[in-house]
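A.B. asks: Okay, predicted coordinates and the sequence, questions at the end:
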Amino acid sequence: MKKNASLVQSRQRSVRIAATVFLAPVILIMAIFIIYPIVSTFSISLFDWNGISKNREFIGMENWKMLIHDKVFWFAFKNNLTLMVCSIGIQIPVAIALATFLDAAGRKVNLFKVAWFLPLLMSSVAIGFLFSYALATTGGIITTFSQALGGGKVDLLGRAPQALYAVISVVAWQYIPFYMVYFLAGYGNIDINIYEASIIDGATRGQYFFHIGLPLLSPMIKSACILSLIGSLKYFDLIYAMTGGGPGTATELMATYMYKLSFTHFKMGYGSTAAAGMFILVTGFALMMQTLLKGNGSSNNE
Amino acid sequence: MNNNRVKSNIAWTIAAVLAVCWLMVTAIPFLFMVINAFKGQFEMLQKGVFELPDSWFPTNFIGVLENGFLSYFFNSVILLGICLTILLFFTACASYPLSRMKFKLRGPIYALIVACMSIPIHVTLIPIFKMSTVIKTYDSIFALIGPYVAFAIPISCYILTTFMASIPASLEESAEINGCGKFMTFFHIILPLSKPGLSTLAIYNGVAIWNEFAFANTLTQSRKAQTLPLAISAFKGEHSMNIPVIMSVLVLTVLPMIILFIILQEKLVKGLMAGAVKG
């Protein structure tokens, strides 16, 4: 008996050693490049610092007080929320519609599938630059069409309310293919027998969609919403390249605001506060989603 | 029955019209980009943007390639190679105990790694910028390795741990009975069997790293260190009014991805979709 127990112990110890060795590099890298920087950002947020000079002044919670009263930051957060609501409201229904069309029409529309997929191959920055020209008033796509139809120039990016919606449309253009492919894969996972059985029972395509397809897709729709939700709060590249947050602060997001504060105006202390604020908001949303979904049981998918 | 068929025909017609509309929404920006990439600066302004260029000779492309575009390209290639090697190896190492060993801290460590998935990179930008100036990697591609690998780890570990958990335990057990230690088992059994998972990860992370912008824009400054996503703004800075030149840069940045898509097809799609796991 005693020998057995020590055998178990030595086995456990060897597992522990192996696990430590295997996990050490990853934990080390994450500690250096994720955990430490987060802590450091919170500590820099207590200073007044331009990022270059050696001396920085400790000002306690002053930056945080400023952030709470910072109209631009909260406006940017509001833009993030608008982007979030519009992204979920536009991208996911359109993506479901496209995926349903591709699934129903089958192989003969492969050309559509490939063409619809194209935006996914472009980087966010490239899309941002492309559309900053494509939506411009001189030589832009929309203006060209409007003039061909006898209208005037269409200034989408130069004015406050429509600039945000223009940006949201471009974000939708970028991400709809992603969710389309995602839902198409979901349709692919539905057992063909279910479809055949429903058709034999006399269901129309529409009935199949609403009573079988959509309910079976719903766990995927849920995870798509979470992805889109968290992604919208962290959004940066495309908008930074396309509008830089402008005109004025019309398309400012938390990330672009933080970036400009820190690396354009070199207010690194306050920039850190904005970054930390963003971190708190994003993590808060992520935790909220997780607790909300836990109540609904697990929705695992690959 | 007949009524149903008419209805279904109408539905298909509407669907087809909408499908063509969406095709135009997707394709027109690409056409805009490609057509104008072949035009001269004033040709584009004088003619309409949708008229075909006078000549299809790639003047702009040659100019861009001769003006240092390749340096961005090779920086991206080298960086990608280094990052993927480090990332895939260490992720595989970490996913092995997380998926196939039993120890006390497994749950908490896994939860911690996965929880890092939703962290916005912006919260780390300033300290990492500061770090790069302290260890003197600022303005070189080496500054980007650490953050790229670190931020790719959480989702990669999640995907690979799930993948490794599906490898049958019997293989590992028989190896152990034959006297294979944990390390031998990892290198000779688990790693080779994980190849499909690793290739998906390589595609997913490869594309993400290839396109990464925020860190690259913060940590590099000069052409000798900048990566492909920064080429566009660099050329825009030099030729802000010459839209065709910028369009040709855009075409050149998309081209590698399109070539990859032609070669890999479904595999690339699968790799790109690997990110669609619950955050």
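C.D. replies: That came through fine. Numbering: from 1, shown residues only, chains lettered A, B, ... in the order given.
A.B. asks: from what I can see A:Phe131 touches A:Val170, true?
C.D. replies: Yes - at 4.8 Å, A:Phe131 counts as touching A:Val170 under the criterion of Cβ atoms under 8 Å. Placement of C-beta: from N, CA and C, glycine included.
A.B. asks: which residues are common contacts for these two?
C.D. replies: A:Met242 (Cβ atoms under 8 Å, 6 or more residues apart in numbering or on different chains).
A.B. asks: hmm, the helix or strand of chain A with the lowest mean pLDDT in reach of chain B?
C.D. replies: Counting by mean pLDDT, DSSP states H and E, the weakest-scoring helix or strand in chain A turns out to be helix A:205-208, with a mean of 82. Yes - using Cβ under 8 Å from any Cβ of the partner chain, helix A:205-208 reaches chain B at A:205-206.
A.B. asks: can you list the residues that contact that helix?
C.D. replies: Outside helix A:205-208, the residues within contact range by Cβ under 8 Å, 6+ apart are A:104, A:195, A:198-199, B:8, B:11.
A.B. asks: which one among those gets closest to A:Ala24?
C.D. replies: A:Tyr195 (49.5 Å; Cβ to Cβ).
A.B. asks: neighbours around the closest one, how many?
C.D. replies: 16 (other Cβ atoms under 10 Å in any protein chain shown).
A.B. asks: What is the longest helix seen in chain B packed up against?
C.D. replies: Across chain B, the longest stretch assigned as helix under DSSP state H is helix B:2-37. Counting contacts by 3 or more Cβ pairs under 8 Å, 6 or more residues apart in numbering or on different chains; DSSP states H and E, helix B:2-37 is packed against helix A:92-105, helix A:110-117, helix A:124-134, helix A:141-148, helix A:160-189, helix A:205-208, helix B:243-264.
A.B. asks: Drop anything exposed from the contacts of helix A:205-208.
C.D. replies: A:104, A:195, A:198 (16 or more other Cβ atoms under 10 Å in any protein chain shown).
A.B. asks: What is the nearest of those residues to B:Phe187?
C.D. replies: Out of those, the member with the shortest distance to B:Phe187 (by Cβ to Cβ) is A:Tyr195, at 44.8 Å.
A.B. asks: element containing the closest one, please.
C.D. replies: helix A:192-200 (DSSP states H and E).
A.B. asks: Mind checking if that helix is in reach of chain B?
C.D. replies: No - Helix A:192-200 lies out of reach of chain B by Cβ under 8 Å from any Cβ, never closer than 12.2 Å.
A.B. asks: Same check on stretch A:49-59?
C.D. replies: Yes - interface with chain B: stretch A:49-59 contributes A:Gly51 (Cβ under 8 Å from any Cβ).
A.B. asks: centre of the chain versus stretch A:53-67, how much separation?
C.D. replies: Taking the mean of its C-alpha atoms, stretch A:53-67 sits 30 Å from the chain's own mean (Cα atoms, centre = their mean, to the nearest Å).
A.B. asks: Identify the residues contacting that stretch?
C.D. replies: For stretch A:53-67, the external contacting residues (Cβ under 8 Å, 6+ apart) are A:45-49, A:73, A:269-270, A:272-274, A:277.
A.B. asks: domains for chain B, by residue range?
C.D. replies: Chain B breaks down into these domains under automatic domain parsing: B:2-37, B:59-273.
A.B. asks: Could you list the domains of chain A?
C.D. replies: Following automatic domain parsing, one gets these domains for chain A: A:2-44, A:62-294.
A.B. asks: Say whether chain B is contacted by the first one.
C.D. replies: In this case it means domain A:2-44. Yes - Domain A:2-44 is in contact with chain B by Cβ under 8 Å from any Cβ, via A:12, A:14-16, A:18-19, A:22-23, A:25-27, A:29-30, A:32-34, A:36-38, A:40-41, A:44.
A.B. asks: Which residues are in contact with A:Leu217?
C.D. replies: Contacts of A:Leu217 (Cβ under 8 Å, 6+ apart): A:96, A:183, A:186-187.
A.B. asks: I'd like these as a markdown table, with pLDDT and distance to A:Lys222 appended.
C.D. replies: Formatted as a markdown table, the contacts of A:Leu217 follow (pLDDT from 0 to 100; distance: Cβ to Cβ, whole Å):
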| residue | pLDDT | distance to A:Lys222 |
| --- | --- | --- |
| A:Ile96 | 94 | 13 |
| A:Phe183 | 93 | 12 |
| A:Gly186 | 89 | 11 |
| A:Tyr187 | 89 | 16 |
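A.B. asks: Let's have those in CSV, adding distance to chain B.
C.D. replies: Below are those laid out as CSV (distance: Cβ to the nearest Cβ, whole Å):
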residue, distance to chain B
A:Ile96, 13
A:Phe183, 10
A:Gly186, 10
A:Tyr187, 14
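A.B. asks: of those residues, closest to B:Val123?
C.D. replies: Using Cβ to Cβ, the contacts of A:Leu217 come closest to B:Val123 at A:Phe183, 31.6 Å.
A.B. asks: what's around that closest one, how many residues?
C.D. replies: 25.
A.B. asks: And the residue nearest the centre of chain B?
C.D. replies: B:Val207 (1.5 Å; Cα atoms, centre = their mean).
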